[in-house]
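>>> no FASTA, just this:
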C-alpha cells in the first residue's frame, strides 16, 4: 500500500478528497491530513509518505515552500498539486520542483483524480523495479542497516508488511529458522568516539563469527550504539545459551583487543520479524540494567532482568525544602543519611528511568544552591558543565550515589567557609532595618542591598538571627509602634509611620505579636486598665 498525505487548509476540501476515492482499491492508504505546510512537515518527520497531495495557497507555510522543503527531505517523493485556476502562475513554479501532476479543483472529477493517482502510482512502481534491477540481487549495506533500524524502532508500519516480506526475502533471510535474538551493545563511559567504537565492534564480530556457522546482521541505532541480530537456528534454550556465550566472548574480545568496555543486553527470542521492535526494546532495557548490577556484563531480558512495578518507586519524590534546610543548616551528616536512604530505595526498585529522574532533580538542586551561594556566576556555569560531564560517565547506581554524596558534601563545606564573611552582611541588613523600617523593604531588595542571592540571604539570616527576615522586620516595626503608642498619635498614623499603612492589617499584626490590640496596649501603658 502506497502512503498518501493530504495537505489542504479547507476542511471540506480535505473531506472531499478523501471521500471521492476508494483508496484501498487503488492500492493506497491516507496516513494523515494537514491544514498547512508546517503541519505537513511535522507529519512527514514522523512518517514519510510516498505521495504528497497539496494545495498551493495555505497559511503559515504555503505549497511552494512545502514542496521546496520536501525536495530536501525526499527527492523521490511524488507530488500532486491541487489549486484554483487563478493560481496557475504559482503552479508553474511548483512544476519546476518536480511536481508529478497538477489538477484544477473546480474541474476535478473523481475519475480524473483517480487516473492522476494511478499514473503517479505507476511511476513509483517503475522506479522501484528499476532500482531493484540495479541492485543485482544484493542489498547495499547502508540501505540494509537503515531497513533493520526502521524495523527495530517501529517506523515500518503494518501496511508495509508486503514490502517487509519482499525485502527480507531479497536478503535471503525469509527462511531463517526462528527464534532470533537482538543484542544491544552499550559502550561504557564513552571512552571511544562513536565511529571508532562502531568500527571496533564490527571487526570483533567478524573475528568471532568468521566461520559463518551463525548468521548475524548488525546496525547502529540513532544514538550511535550498535545492535546485532543473531540467528542461532536451534531450539530456544540452546539458542539463548549460544547467544549469551557469543556476547560474553565479544565483551572479552573488545576489552582485550581495543580496551573497549561494553555491556550487552540480549532480548528474549522472537518468532516473527514484526516482533523486532519488541526485541530491540528488550535488549536496550536489559543493557540499561547495568545501573543496578554493574557494567561489563551480559544481561538477558527475562533471565537476568525482570521488569518490576513498585508503587513505592512510582510515588518517590525528593524533598527540595528538606535538602535546602539541611544544606543551609550545615547538617552534613543528616544530608548524607538522607541521600543514602534515597538511593537505597532507588536500588531496591530497580527502575532505571526513576533513577534518571531523581538524579536530574538532585542535580538541579545542587546547581541552584551553588548559584545562590556564589557571586561568580561564570564559575558556577563552568561547574554545571563539569557536573553534567561527570554524570554522563556514571554507569551504576552506586557510582551515582557516591557522586551526589560527595558533591553535596563539597557544597556544604564551601558554605561553611563563606559563612563567616557573609555574617557581616546580616549585620549590615539589621542596621538597615533599624534605620529604614518605615520604608517598604522586601526580601529581594534587602538581599540585593547586601549583594547576596535572595534564597541564600533568607536562609543565612534565619540561621544567624534565629528568625526569618520577615519576622525580624515585623518585630522591629511593632517595637517602634509600641514606643509611639505612648504618645498621642492615632493608631492608623502609627501603622503608617512604622511601614504598615493598612490600619486593619497593622492591628492584626500587632495583636498577633503582643497578644493585645494597639488600643489595649495604649490603655495599659497609661495605667487606664
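Structure's in. What do you need? It should be emphasised that the depicted structure is a prediction, and the values quoted were computed from it without experimental measurement.
>>> rest of the way, CA atoms for contacts and neighbours
Noted.
>>> where does residue 219 sit: helix, strand or coil?
Reduced to three states with DSSP: H, G, I helix; E, B strand; the rest coil, the structure at residue 219 is strand.
>>> no, scratch that, I was asking about residue 5
Per three-state DSSP, the local secondary structure of residue 5 is strand.
>>> just checking, it touches residue 36?
No. Contact status for residue 5 versus residue 36: not in contact, 11.8 Å apart, counting by C-alpha atoms under 8 Å.
>>> how's this structure carved up into domains?
The record's domain parsing of the chain by automatic domain parsing lists 2-134, 143-300, 311-413, 421-525.
>>> lowest average confidence across those domains, which one?
Of all the domains of the chain, the minimum mean pLDDT falls on domain 2-134 (a mean of 78).
>>> how about residues contacting stretch 16-34?
Residues outside stretch 16-34 that contact it (C-alpha atoms under 8 Å, 6 or more residues apart in numbering) are 1-9, 14, 40, 43, 49, 110, 113-114, 118.
>>> which parts of that stretch are buried?
Of all the residues in stretch 16-34, those buried under the rule 16 or more other C-alpha atoms under 10 Å are 21, 23, 28, 29, 30, 33, 34.
>>> again, but for stretch 426-433
Taking 16+ other C-alpha under 10 Å as the basis for neighbour counts, the residues of stretch 426-433 that come out buried are 426, 429, 430, 433.
>>> and for stretch 338-348?
Here stretch 338-348 shows 338, 339, 342, 343, 346, 347 as buried, counting by 16+ other C-alpha under 10 Å.
>>> ok, back up a step: hey, which of the domains of the chain is tucked in deepest?
Per-stretch averages of neighbours, counted by mean count of other C-alpha atoms under 10 Å, single out domain 143-300 among the domains of the chain, with a mean of 18.
>>> about what we covered before: now the buried residues of stretch 16-34 in TSV, with secondary structure and distance to residue 241?
Putting the buried residues of stretch 16-34 into TSV (DSSP: H, G, I helix; E, B strand; the rest coil; distance: C-alpha to C-alpha, whole Å) gives the following:
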residue	secondary structure	distance to residue 241
21	coil	53
23	coil	48
28	strand	44
29	strand	43
30	strand	45
33	strand	48
34	strand	50
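>>> nearest to residue 274 among those residues?
Minimum distance to residue 274 across these is 19.8 Å, recorded for residue 29 (C-alpha to C-alpha).
>>> quick check: closest non-adjacent residue to the closest one.
Counting by C-alpha to C-alpha, 6 or more residues apart in numbering, residue 29 lies nearest to residue 3, which is 5.2 Å off, once chain neighbours are set aside.
>>> quick one: the one you found from residue 179, how far?
Plainly put, residue 3 is 31 Å away from residue 179 if you go by C-alpha to C-alpha, to the nearest Å.
>>> which residues touch the residue nearest to residue 276 when sequence neighbours are not counted?
Leaving aside its chain neighbours, residue 276 sits nearest to residue 152 (5.3 Å; criterion: C-alpha to C-alpha, 6+ apart). With contacts taken as C-alpha under 8 Å, 6+ apart, residue 152 has the following neighbours: 276, 277, 278, 279, 280, 281.
>>> would a markdown table of these with secondary structure and distance to residue 382 be doable?
A markdown table is the format used below for the contacts of residue 152 (three-state DSSP; distance: C-alpha to C-alpha, whole Å):
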| residue | secondary structure | distance to residue 382 |
| --- | --- | --- |
| 276 | helix | 43 |
| 277 | helix | 40 |
| 278 | helix | 41 |
| 279 | helix | 41 |
| 280 | helix | 37 |
| 281 | helix | 36 |
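>>> of all pairs in the buried residues of stretch 426-433, which one spans the longest distance?
Farthest pair in the buried residues of stretch 426-433 (C-alpha to C-alpha) is 426 and 433. Separation: 10.6 Å.
>>> the strands in the stretch 201-350 of the chain, which residues?
Secondary structure of the stretch 201-350 of the chain (DSSP state E, counting those that start in this stretch): strands at 215-220, 226-231, 262-266, 298-300.
>>> which among the ones you listed is found nearest to residue 411?
Put simply, out of these the one that sits nearest residue 411 is strand 262-266, at 33.2 Å, with distance taken as C-alpha to C-alpha.
>>> follow-up on the earlier one: which single one of the contacts of residue 152 is nearest to residue 440?
The shortest approach to residue 440 among these belongs to residue 281, at 59.4 Å (C-alpha to C-alpha).
>>> nothing else from me, thank you.
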